[in-house]
Every structure is written in C-alpha cells, then in structure tokens.
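In: Need the 3D shape of this:
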Amino acid sequence: MYDAKGFRLATFNANGIRARVPIILRWLEKNRVDCLCIQETKVQDQDFPESPFTEAGLNLAYRGQKAYNGVAIISPHEIREVKFGFGDGKHLDDDETRLVRASIQGIEIINAYVPQGRAIDHPNYEKKLRWFQRLKELLSRDYSLEMDLALCGDLNVAPEPIDLYAPERKEDHVCYHRAVRQAFQELIEWGLTDLFRRFHPDEPKQYTYYDYRIPKAVDRGLGWRIDHILTTPPLTGRARDCWIDMEPRRWEKPSDHTFLMAEFE
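Out: Have a look, this model is predicted:
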C-alpha cells in the first residue's frame, strides 16, 4: 500500500509508451509511487497518450519525438519547476527529449535517457561520453550535495562485471566499455550513491534490461543492469530499499526493460 509518510520513486524504459500504457497503469495500480520516470516514449508531444493517466488522477510532464527518445514524469502530486535539457546553452537536437528535470514533494528529480552509443568507433559513442560529462557539469552548476536529489533513468551503462551476463565477452560493448564505465564512475564521484547496489552489494543476475533478440533471455538470466537510481547523501540516508521488479517483464507485450523502484522515509 502507498505510504503517505514516505516517498516512492521508480524508473522504466517503456520502449514506446503507447504500446506500454496497459503495463504502466497495471503496475501503478499495484505499486503506488510518488514519481515514475519514463524513458524512450517514442512519441511526439501531440500524440502522447495523456488521457489514460489523467483519468487515473495522475499528473504528467513530457517531451518527445516521433519514433525515438522521449522522456516523461508521472506523479499523483504536482510536478513543479519542470525543465527539459541541460540548460547549458549547447542545445543539441535531442537534449530536451532525453532529459527532464522537476521537483516533486521537495525532492529534485533528474530523469535521463543517455545515448546508447551504437559502437565504440561511432561518433555517437563520443556523444555518450560527453553526455556523462554534461550531467556532471549540470549537477555542479544547478544542484548541491545538501539537496534531496535523485538522478535516474536508462543510463545505458553496466558499471561492474556483476551487472551483465558474460562480461568477458562485452568489453567492447558501448554499455560496458571501460571509457563509459569510467564516465559513470566520475559521475558517481560527484557525490552520488548507486542505490540498488547499496542494498544489494553482491547479488548477481539482477538486471533491468533483457534483449528481445535473445530467446528466453529472462528465463536464462541473460540481461544487463543499465537502469539506475543515483542519490545524494541526504536522500541516500532516507532510503529504505531499492529493488528490480521482474514481474512486468513477463507480462504480455512487455518492454525490453523492467521497473526499478526505491522507497524513502
């Protein structure tokens, strides 16, 4: 049941929100959260499926584009101080459809969909590395370690060997290559905590993403932990738990990702 005294935060890459509305609403009915961050909505703003959420009493903030990217925040509370993009004056084409920031119930939320990178010799991989640098610059410019802040979303990086299957075969993958893992670590070193690993430091086969193209990937445990909730010290201190909910990944017409959730006092 929903705990009015606490705060529940979740993140989910929908891989097309219009196809995933039934799953999201079903999950929200079972899991009362204060903030759900969505990535990869893949829909222009005029086509976003607002009504199923507003009819359920939920508030929305979103920015998207046709067939690619797209971010959204869903909450039963007022979503305040909404901003899209980094606000660093660079205005790259997809900044605003990959990053949304807001304040909910006094907690600062950054919902990010980091570029996947394609290949380590592709220009998009350099863009991905720059994205992590820009995230760190954003934190230093607009936030502080004294704030209750959560940076969450599909960050497209498995930080450690425990965070993916067969890591010895993935060293040149854009979500595990040493450079992106270092970029993630530098982001953490700003003062954030990988909340899932705080509560599950050594637990193997805990993944948020399972490739559709791999037969029975979920049953075989062939996944990646690339979705994250990172928190500042005050919010980390309020954390009760952080966990991956595998059930929706087994529902009909699932996303290739599943929900990551955290609960705070």
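
In: all contacts plus neighbour counts: C-alpha atoms, from now on.
Out: OK.

In: Longest helix in the protein, please.
Out: helix 123-142 (DSSP state H).

In: Centre of the chain to it, how far?
Out: 16 Å (Cα atoms, centre = their mean, to the nearest Å).

In: what pLDDT, on average, does it get?
Out: The average pLDDT for helix 123-142 rounds to 98.

In: Report the next helix or strand after it in sequence order.
Out: strand 149-154 (DSSP states H and E).

In: Can you dump the C-alpha atoms of whichever helix or strand comes after that next one in PDB for me?
Out: Following strand 149-154 in sequence order, the next helix or strand is helix 178-188 (DSSP H and E). The C-alpha trace of helix 178-188 is given here as PDB (Å, rounded to 0.1, in the frame of the first residue of the first chain):
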ATOM      1  CA  ARG A 178      36.000   0.900 -20.000                       C
ATOM      2  CA  ALA A 179      35.600   4.500 -21.000                       C
ATOM      3  CA  VAL A 180      31.800   4.700 -20.300                       C
ATOM      4  CA  ARG A 181      32.300   2.800 -17.100                       C
ATOM      5  CA  GLN A 182      34.900   5.400 -16.100                       C
ATOM      6  CA  ALA A 183      32.500   8.200 -17.100                       C
ATOM      7  CA  PHE A 184      29.800   6.600 -14.900                       C
ATOM      8  CA  GLN A 185      32.200   6.300 -12.000                       C
ATOM      9  CA  GLU A 186      33.200  10.000 -12.300                       C
ATOM     10  CA  LEU A 187      29.500  10.900 -12.200                       C
ATOM     11  CA  ILE A 188      29.200   8.900  -9.000                       C
END
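
In: Paired strands for the next helix or strand after helix 178-188, with orientation please.
Out: Downstream of helix 178-188, the next assigned helix or strand under DSSP H and E is strand 193-194. Take DSSP bridges as the rule and strand 193-194 pairs in its sheet with strand 227-231 (antiparallel).

In: what angle separates the partner strand from strand 149-154?
Out: 170 degrees (axes from the mean of the first three to the mean of the last three Cα atoms, to 10 degrees).

In: okay, the helix or strand following strand 227-231 in CSV with CA atoms only?
Out: Per DSSP H and E, the first helix or strand lying C-terminal to strand 227-231 is helix 233-238. Listed next in CSV are the C-alpha coordinates belonging to helix 233-238 (Å, rounded to 0.1, in the frame of the first residue of the first chain):
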residue,chain,number,x,y,z
PRO,A,233,23.7,11.8,0.7
PRO,A,234,20.6,13.2,2.3
LEU,A,235,18.3,11.1,0.1
THR,A,236,20.5,8.1,0.4
GLY,A,237,20.2,8.4,4.2
ARG,A,238,16.4,8.3,3.9
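
In: Please work out the average pLDDT along the helix or strand just after helix 233-238.
Out: Using DSSP H and E, the helix or strand that follows helix 233-238 towards the C-terminus is strand 239-245. Averaging pLDDT along strand 239-245 gives 98.

In: Give the other helices and strands that strand 239-245 contacts.
Out: With contacts defined as 3 or more Cα pairs under 8 Å, 6 or more residues apart in numbering; DSSP states H and E, strand 239-245 has these neighbours: helix 195-199, strand 259-264.

In: Could you list the buried residues of that strand?
Out: Residues 239, 241-244 are the ones in strand 239-245 that count as buried (16 or more other Cα atoms under 10 Å).

In: how about these in TSV, adding distance to residue 180?
Out: Shown next, in TSV, are the buried residues of strand 239-245 (distance: Cα to Cα, whole Å):
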residue	distance to residue 180
239	27
241	27
242	24
243	24
244	23
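
In: what's the farthest-apart pair in these?
Out: Greatest spatial distance in those: 239 and 244, 15.0 Å, computed using Cα to Cα.

In: Contacts only, for the residue lying closest to residue 155 once chain neighbours are set aside.
Out: Nearest residue to residue 155, sequence neighbours excluded (Cα to Cα, 6 or more residues apart in numbering): residue 114, at 4.9 Å. Taking Cα atoms under 8 Å, 6 or more residues apart in numbering, we find residue 114 in contact with 98, 128, 131-132, 154-156.
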